[in-house]
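> starting from these lines, generate the structure:
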Amino acid sequence: MTDTNIIKDKIIENLKKVFDPEISVNIYDLGLIYNIDVSGSPEVKILHTLTSAFCPAADQIVADINSAAISVEGVDKCSVETTFDPPFVPEMMTEEVKLALGIF
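Residues are numbered from 1 along each chain as shown. So this is what the prediction gives:
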């Protein structure tokens, strides 16, 4: 496994500890993380969305994504970009999350 793969895996591990406070599910398994680009390490870029453009916790979620990335050894800087293209839909969730939330 290359260093960049290890860095990406550790970022994902940390992102699974970042929860959407309105749903109480982590943002990675919710399907809110679209891309994690570690090719420019030690700077990484994360593209994500929110469940709603009007999410009251948006600033905190972005800060938590940034913290999740820069706490990984080998990452010095993280730029977090929020997009709504494509918009979030429940089909983006993992099967486990859909089952836990009663979405079939």
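
> how about the helices in this structure?
3-15, 27-30, 58-70, 95-101 (DSSP state H).

> isn't T4 right next to D37, touching?
No. Under the criterion of Cβ atoms under 8 Å, T4 makes no contact with D37, lying 9.6 Å away. Any C-beta I mention is one placed from the backbone N, CA and C, and that applies to glycine too.

> who's in contact with I36?
Shown in contact with I36 (Cβ atoms under 8 Å, 6 or more residues apart in numbering): 8, 11-12, 44-46.

> apply 6 Å and report the result again.
By Cβ atoms under 6 Å, 6 or more residues apart in numbering, the contact list for I36 reads 8, 11, 46.

> what's near enough to touch the residue nearest in space to the middle of the chain?
With distances taken as Cα atoms, centre = their mean, the residue of the chain nearest its centroid is I33 (3.8 Å). In this structure, I33 makes contact with 15, 48, judged by Cβ under 6 Å, 6+ apart.

> switch to 7 Å and redo it
Counting by Cβ atoms under 7 Å, 6 or more residues apart in numbering, I33 makes contact with 15, 27, 46, 48.

> I'd like the distance from the closest residue in space to L50 that isn't next to it in sequence to T51, if you could.
For L50, ignoring the flanking residues on the chain, the nearest one in space by Cβ to Cβ, 6 or more residues apart in numbering is A58 at 5.6 Å. As judged by Cβ to Cβ, to the nearest Å, A58 and T51 stand 10 Å apart.

> many thanks, I have nothing further to ask.
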